[in-house]
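1. sequence and predicted structure, then a few things I'm wondering about:
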Amino acid sequence: MIRKTGRILTAVLTGVLAISLVGCGSQNQTQSSSGTQQTSDAAVTLTGAGSTFVQPLLMQQVAEYQKNHSNVTINYQGGGSGFGIQHLSDQTIDFGATDAFMTDDQLSKAQGGKVLQLPVALGAVTLSYNVPGIPEHIKISPENLANIYFGKIKNWNDPALAKDNPDVKFPDLAIIPIHRSEGSGTTSIFTHYLSAISPDWNSQVGSGTSVNWPNPTGKALGAKGNPGVAGAVKSTSGAIGYIELAYALQNKIPYAYMFNKDGKWVLPSLEGASADAASFQVPDDMRVNIVNGPGAAAYPISGFSWALIYQNQTDKAKGTAMVNFLNWALHDGQKLAPSLSYVPLPDNLTARETAMLKTVTSGGQPLLK
Amino acid sequence: MSTDNNRLYESMGDKVLRYVTLLMAILVVILMIWIGWQMFSSSQESIQHFGWAFITSRVWDPVHHIFGALPFIYGTIVTSVVALIIAAPIGISVAIFLNEMAPSTIRKVVAFLVELLAAIPSVVYGLWGIFVLAPVLRQSVEPWLTKWFGFIPWFKGAPVGFDMFGGGIILAIMILPTITSISREVMAAVPTAHREAALALGATKWEMIRLSVLSYSKSGILGSIMLGLGRALGETMAVTMVIGNMPKISSSLFSSAYSMAAVIANEFTEATYSLYLSSCIEIGLILFGITLLLNIFARLLVWSVARGPKGGHLV
């Protein structure tokens, strides 16, 4: 019995050792062979991953593009912005997409050289609430919004809220601030806005796809996804939550007027977000957070999502297909945006992005004609 | 168990069978070790950066690169314990009723329905939690508990509905089929002679169940509870939809919290820098460790109960 157990144990250990050695070997192999795959000129398959926010638009654009370019297959896997950045850096995908642009630190870790970041989608965030007996659209000033999420304004009958809404009779009801529990581009846009309008928020909480939400009242909640936030707001009286514009419009959720930089109260709309984006001086590397832009019509809580590609493409056929598709998506492809409740990108921006795509090369040759 | 002698008579087929099954058994062991090792090596950055403080820190702040696991460990354990406290008595009672008292038609229907609970996707439980359970808890159940039992710290505080109590209830419903069906199998395995013996000695129905059924099957029942606990610890989707997702530690069950599996699922995909990713993986490593410890403990418990004197007093 003991001998037998000993023998089995030896067998198990040998097996573990053998397989772990094999495992190490194969890992090295895949690492060295990635990036040098050859594909035929006729059929090209591109793989992308990242932001789930741009996924519905991108899928629609891909389907439309393939009607005239049947040799190009584009697989977009979603997975989240962090996932996209990670895999682009490791060169396991051909292009990525992200809701928060890559930082200098992340760019320096990209293994394939210089990364171009191209805004491909524009989104906006609405504030939605569930307070019995108040009108569909109330006004929430930037200070009040920050203080609600700081937990400093605790009740809907707070005089600060009444000041902006003199005609509204607010009930005595505790405020329950709801945020997205998972890392998301919507949270990134919203926290960038709070950081832009509140120095306290900027220094104490900051901005990103996930933040450490203040919770002095013990009432703050995190809910999963736009549907989760919308559901929690709907079923919780006293709740307020931020929801992506596309989702709020499609589901007819009540939302608030926001106070823009020019001192106007604006309701969220595709046009308002577009006006906000157009008012910005976008730098040459396209890395800009476009919250709180000037302009009478600008809706202040907006943000870009970026496509990520390497400037130097190792595979000419793939690189050519990719820049052609992206260029199409930036121009003709934007016509699909409004029907999916995305904001079309401003023309002056897409023209500059085409110029960027023309700098993409393979073996020293520019790929976009 | 075969000895060395009768191996002479083994056919080729037996040999093949033995090596194939041995290989499969080894594969499982390797898989476990491999997963553990992978998580350990991928979480090195966070382990070296934070050390043991990772387990005792309460702050989870991705913007400022500060990560601590304590609120998640706390939320996972509290919701799982609440689930067990609710589900174990119900599950065992249902099993006793179905096995010992119910007419066969009722038995079939109820057993089928209980097992159907296991087939519902967890996201459906979560949606039910958001739209049905949370409002009921907030408006009726929790205010009532606070009114009558508010002197206990567990039931203090203003109810929100998205809290550890709600998470525990959802988990209780989800682990009920595990506890019920395994307990029922174990009880069904009690020889009829034991029951008849107890009844022949003049035992009432309850005495018969206690003396012959429960004492005979208690190790199996404990095992079923431990399996349920294992499921509760790892459940992700339904919990994240009702627990409120706030990394905080509060003695009140009516306070929002966060669980380990939920934070991994929520933040893993958007973990945009390596320390962040590494911290998420370390949370997974801790969950792995807790599950492992719990299973060892469960084994010891089942083993000690099984070896204890027969006819011991479970109830």
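-> Right, received. Where do you want to start?

2. work out which residue lies at the spatial centre of the chain.
-> Using chain A here. Nearest residue to the geometric centre of chain A (CA atoms, centre = their mean): A:D99, 2.6 Å.

3. switch to chain B, please.
-> B:L229 (1.8 Å).

4. who's in contact with that one?
-> B:S80, B:A83, B:L84, B:I175, B:L294, B:A298 (CB atoms under 8 Å, 6 or more residues apart in numbering or on different chains). Quick note: C-beta positions are derived from backbone N, CA and C, even for glycine.

5. give me every residue that touches the residue lying closest to the residue nearest to the centre of chain A once chain neighbours are set aside.
-> Leaving aside its chain neighbours, A:D99 sits nearest to A:G185 (2.5 Å; criterion: CB to CB, 6 or more residues apart in numbering or on different chains). Neighbour list for A:G185: A:S51, A:F53, A:S81, A:T98, A:D99, A:A100, A:G123, A:T209, A:G303, A:S305 [criterion: CB under 8 Å, 6+ apart].

6. how close does the residue nearest to the centre of chain A sit to B:V302?
-> A:D99 is 49 Å from B:V302, where distance means CB to CB, to the nearest Å.

7. now do residue 113: how many residues are near it, please.
-> Reading this off chain A. A count of nearby residues for A:G113, using other CB atoms under 10 Å in any protein chain shown, gives 12.

8. not quite, go with chain B.
-> 10.

9. all the strands of the stretch 51-200 of chain A, in order from the start?
-> Counting by DSSP state E, counting those that start in this stretch, the stretch 51-200 of chain A has strands at residues A:72-79, A:95-98, A:115-130, A:139-140, A:176-180.

10. pull out the buried positions in the first one.
-> To tie it back to what came earlier, the one meant is strand A:72-79. A:V72, A:I74, A:Y76, A:G78, A:G79 (16 or more other CB atoms under 10 Å in any protein chain shown).

11. which residues touch the third one?
-> With contacts defined as CB under 8 Å, 6+ apart, A:Y76 is in contact with A:T47, A:G48, A:A49, A:Q55, A:L58, A:M59, A:V62, A:A97.

12. is it bridged to anything, and to what?
-> Per DSSP bridges, the residues bridged to A:Y76 are A:G48.

13. circling back to that earlier point, most tightly packed of the strands of the stretch 51-200 of chain A?
-> strand A:95-98 (a mean of 28; mean count of other CB atoms under 10 Å in any protein chain shown).

14. the longest helix seen in chain B vs chain A: in contact?
-> Looking across chain B with DSSP state H, the single longest helix is helix B:274-307. Yes: with CB under 8 Å from any CB of the partner chain as the criterion, chain A is reached by helix B:274-307 at B:Y276, B:L277.

15. which residue ranges make up each domain of chain B?
-> B:2-42, B:44-307 (automatic domain parsing).

16. before we move on, back to that, put together CSV for the buried residues of strand A:72-79, with distance to B:G223 and pLDDT on each row.
-> CSV is the format used below for those (distance: CB to CB, whole Å; pLDDT from 0 to 100):
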residue, distance to B:G223, pLDDT
A:V72, 56, 92
A:I74, 50, 93
A:Y76, 45, 91
A:G78, 40, 82
A:G79, 38, 79
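
17. interface residues of the stretch 101-250 of chain A facing chain B?
-> Of all the residues in the stretch 101-250 of chain A, those lying near chain B are A:103, A:105-106, A:174, A:176, A:181-184, A:205-213, A:215, A:218-224, A:228, A:231-232, A:234-236, going by CB under 8 Å from any CB.

18. OK, contacts around the residue of the stretch 1-150 of chain A at minimum distance from chain B?
-> Nearest residue of the stretch 1-150 of chain A to chain B: A:G80, at 2.7 Å (CB to the nearest CB). Residues in contact with A:G80, defined by CB under 8 Å, 6+ apart, are A:G50, A:S51, A:T52, A:G183, B:F268, B:T269, B:E270.

19. got any ranges where the chain has weak pLDDT?
-> Picking chain A for this. A:1-41 (pLDDT under 70).

20. ah, I was thinking of chain B
-> Checking chain B against pLDDT under 70 turns up B:1-10, B:308-315.

21. can you tell which of the strands of the stretch 51-200 of chain A is closest to A:A275?
-> Ranking the strands of the stretch 51-200 of chain A by proximity to A:A275 (CB to CB) places strand A:115-130 first, at 10.7 Å.

22. can I get that closest one in PDB, CA atoms only?
-> Coordinates of each C-alpha in strand A:115-130 appear next as PDB, following Å, rounded to 0.1, in the frame of the first residue of the first chain:
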ATOM      1  CA  VAL A 115       1.300  53.800 -31.300                       C
ATOM      2  CA  LEU A 116      -1.100  56.100 -33.100                       C
ATOM      3  CA  GLN A 117      -4.300  57.000 -31.100                       C
ATOM      4  CA  LEU A 118      -7.200  57.900 -33.300                       C
ATOM      5  CA  PRO A 119     -10.600  59.100 -31.900                       C
ATOM      6  CA  VAL A 120     -13.200  56.800 -33.500                       C
ATOM      7  CA  ALA A 121     -16.300  57.500 -31.400                       C
ATOM      8  CA  LEU A 122     -17.700  60.200 -29.300                       C
ATOM      9  CA  GLY A 123     -19.800  59.600 -26.300                       C
ATOM     10  CA  ALA A 124     -21.600  61.600 -23.700                       C
ATOM     11  CA  VAL A 125     -22.900  61.000 -20.200                       C
ATOM     12  CA  THR A 126     -26.300  61.900 -18.700                       C
ATOM     13  CA  LEU A 127     -27.400  62.300 -15.100                       C
ATOM     14  CA  SER A 128     -30.500  60.300 -14.300                       C
ATOM     15  CA  TYR A 129     -32.600  60.200 -11.100                       C
ATOM     16  CA  ASN A 130     -35.600  58.700  -9.400                       C
END
